[in-house]
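S.K.: mind looking at a prediction? Sequence and model below.
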Amino acid sequence: MENAAEFTAVPGWGGVAMGITALGASVLAASQKTPRAWLAVWLAEVFVAVTIAVSTAATKAHRANSSLFTGPGRKFVLSFAPPIFVGGLLTFALFPLGAVVALPGLWLLLYGAAIVTGGAFSVRAVPILGLCMMVLGTGALFLPARWGNFFMAAGFGVVHIAFGVWIALKYGG
């Protein structure tokens, strides 16, 4: 797989697992009384999702006798990382300013951009997943702020589950 044209270690079942944990996080986050507590729930979910993604991608790559950090996998990671890094920086810059309502849209847009750019080196379903996240992020930015958690559940939950099943069934695991 190292020399293949596309990165195929995107974990379908891992995407399903990330979607399920995101749905749980959205329910928990919605019940929080303060913006800080809401943010804490979603930041905890980030760590859970990253753990799931890395472990399931590594397992899928190992089964294919490949590595996540060579060839197309390296290109995927290097393309995916900058928008995620920017999202983290903007989160910690905007939160103290009270711009919490912008975070769901910002996160969905930048995560979607990361998936689209990384997905240029992957199977067709991956950049489509990213575009879906970007559409939801746009909605989260311009529709009522109280819908932010709904958009988070839809994107990080439902969309991950749907695309995870598609990737797992069509591209193995």
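M.R.: Structure's in. What do you need?

S.K.: going forward, measure contacts and count neighbours with C-alpha atoms only.
M.R.: Fine.

S.K.: distance check, the spatially most central residue of the chain against residue 131.
M.R.: Ranked by distance to the mean C-alpha position of the chain (Cα atoms, centre = their mean), the top residue is residue 111 at 5.3 Å. Using Cα to Cα, to the nearest Å, one obtains 10 Å as the distance from residue 111 to residue 131.

S.K.: ok, the residue nearest to the centre of the chain touching residue 132?
M.R.: No. Residue 111 is beyond contact range of residue 132, at 10.5 Å (criterion: Cα atoms under 8 Å).

S.K.: which parts of the protein are helices?
M.R.: With DSSP state H applied, the chain shows helices at 12-30, 35-63, 71-94, 103-119, 125-142, 148-152, 160-171, listed in chain order.

S.K.: and the angle for the longest one with helix 71-94?
M.R.: Looking back up the chat, that one is helix 35-63. Taking axes from the mean of the first three to the mean of the last three Cα atoms, to 10 degrees, one finds helix 35-63 and helix 71-94 inclined to each other by 170 degrees.

S.K.: now helix 35-63, how far from the centre of its chain.
M.R.: Relative to the chain's own centre, helix 35-63 is displaced by 9 Å; criterion: Cα atoms, centre = their mean, to the nearest Å.

S.K.: which strands and helices sit next to that helix?
M.R.: helix 12-30 (3 or more Cα pairs under 8 Å, 6 or more residues apart in numbering; DSSP states H and E).

S.K.: quick check: residue 53 touching residue 11?
M.R.: Yes. A contact is recorded between residue 53 and residue 11 when judged using Cα under 8 Å, the distance being 6.9 Å.

S.K.: low-confidence bits of the protein, can you list those?
M.R.: Counting by pLDDT under 70, the chain shows low-confidence ranges at 1-9, 68.

S.K.: thinking again about what came up before, so between residue 53 and residue 11, which is more surrounded?
M.R.: residue 11 (26 against 20; other Cα atoms under 10 Å).

S.K.: leaving out sequence neighbours, find the closest residue to that one.
M.R.: Residue nearest to residue 11 in three dimensions, not counting chain neighbours: residue 57, with 5.1 Å by Cα to Cα, 6 or more residues apart in numbering.

S.K.: swap in residue 114?
M.R.: Using Cα to Cα, 6+ apart, the closest residue to residue 114 is residue 80 (4.3 Å).
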